[in-house]
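kindly generate the corresponding structure for this input.
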Amino acid sequence: MEPLVQWLLGGFVLSLLFIIIARWFWKRYDEPSEAAIEWQKEQEEKKKERKVWESVEMQMRREAEEAEKKAAFQIKRETVANSGKAPDAAVVAKAFESLGGAPEPSATESLPDEHVVDDSDLEEVPDLVEVRQDGWISEDHSDATDVEEPEEPDWELVERLKRIAESEELEEIPHPELPNAPTLPEIEDSSD
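Residues are numbered from 1 along each chain as shown. All right, here's what the predicted structure looks like:
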């Protein structure tokens with residue numbers, strides 16, 4: 001063999017030996033330690049847990065906003081319903097008694113002749129006027145009054161409540177989509 005080929009073969013074998021040694025050192029010392037691997041797993045778990053809690057908090061905020069809207073709507077509806085009612089006759093009578101006297105119920109007096117209104121011209125009106133009780137809306141709907149129609153009930157919520165009422169389970173799971181957390185041992189204070 002020629003000396004050049006011998007040098008090339010020797011260099012090739014020596015480079016293979018160095019590659020094997022370098023790979024062995026790399027495998028041995030370049031991998032993360034067990035503590036580093038455990039830290040990475042903890043960080044991933046914390047990240048997942050944070051995402052779950054953020055989604056739960058957002059859902060709770062949405063539910064609270066919906067509940068506030070429904071409560072405001074109920075209050076508004078009750079005030080509108082109660083605003084047009086006359087007080088009870090017994091309450092009025094007690095109020096007048098506490099003031100020192102009861103009003104005498106008077107029959108409706110007839111109007112004198114000079115106050116009688118002539119409505120004969122109303123029969124000559126060509127178009128009848130429709131009166132709505134909930135508000136006036138023009139034909140182009142531009143002057144619509146702020147009239148809210150009652151919202152349709154949340155049927156999904158109704159079905160859930162019906163299932164809960166019919167079920168015999170007494171255990172409540174506040175958020176079933178959350179994973180169960182392990183029970184941690186109680187820590188006693190060593191400062192006692």
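
now the element after the longest helix seen in the chain, going C-ward?
In the chain, assigned by DSSP state H, the helix with the most residues is helix 34-83. Beyond helix 34-83 on the C-terminal side, the first helix or strand identified by DSSP states H and E is helix 89-99.

mind exporting that following helix as CSV, just the C-alpha atoms?
The C-alpha trace of helix 89-99 is given here as CSV (Å, rounded to 0.1, in the frame of the first residue of the first chain):
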residue,chain,number,x,y,z
ALA,A,89,-108.6,49.8,48.5
ALA,A,90,-107.9,48.5,52.0
VAL,A,91,-104.5,50.2,52.0
VAL,A,92,-106.1,53.5,50.8
ALA,A,93,-108.7,53.2,53.5
LYS,A,94,-106.1,52.6,56.2
ALA,A,95,-104.1,55.6,55.0
PHE,A,96,-107.1,57.9,55.2
GLU,A,97,-108.0,56.6,58.7
SER,A,98,-104.5,57.3,59.9
LEU,A,99,-104.8,60.9,58.6
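
next SSE after it?
Per DSSP H and E, the helix or strand that comes after helix 89-99 is helix 155-166.

any idea of the angle that following helix forms with helix 34-83?
Counting by axes from the mean of the first three to the mean of the last three C-alpha atoms, to 10 degrees, helix 155-166 lies at 100 degrees to helix 34-83.

so what touches helix 155-166?
Counting contacts by C-beta atoms under 8 Å, 6 or more residues apart in numbering, no residue outside helix 155-166 touches it. For the C-beta atoms, the positions are set from N, CA and C on the backbone; glycine is no exception.

now it: average pLDDT?
Across helix 155-166, pLDDT averages out at 81.

buried ones in it?
By 16 or more other C-beta atoms under 10 Å, helix 155-166 has no buried positions at all.

so, low pLDDT: which residues of the chain?
Along the chain, the model assigns pLDDT under 70 to residues 101-150, 168-176, 181, 189-192.

cutoff 90 now
For the chain, the stretches flagged by pLDDT under 90 are 1, 3, 25-37, 76-192.

distance check, residue 98 against residue 88.
Plainly put, residue 98 is 15 Å away from residue 88 if you go by C-beta to C-beta, to the nearest Å.

same thing with residue 14?
110 Å.

show me what the longest helix of the chain is packed up against.
Helix 34-83 makes packing contacts with no helix or strand when contacts are defined by 3 or more C-beta pairs under 8 Å, 6 or more residues apart in numbering; DSSP states H and E.
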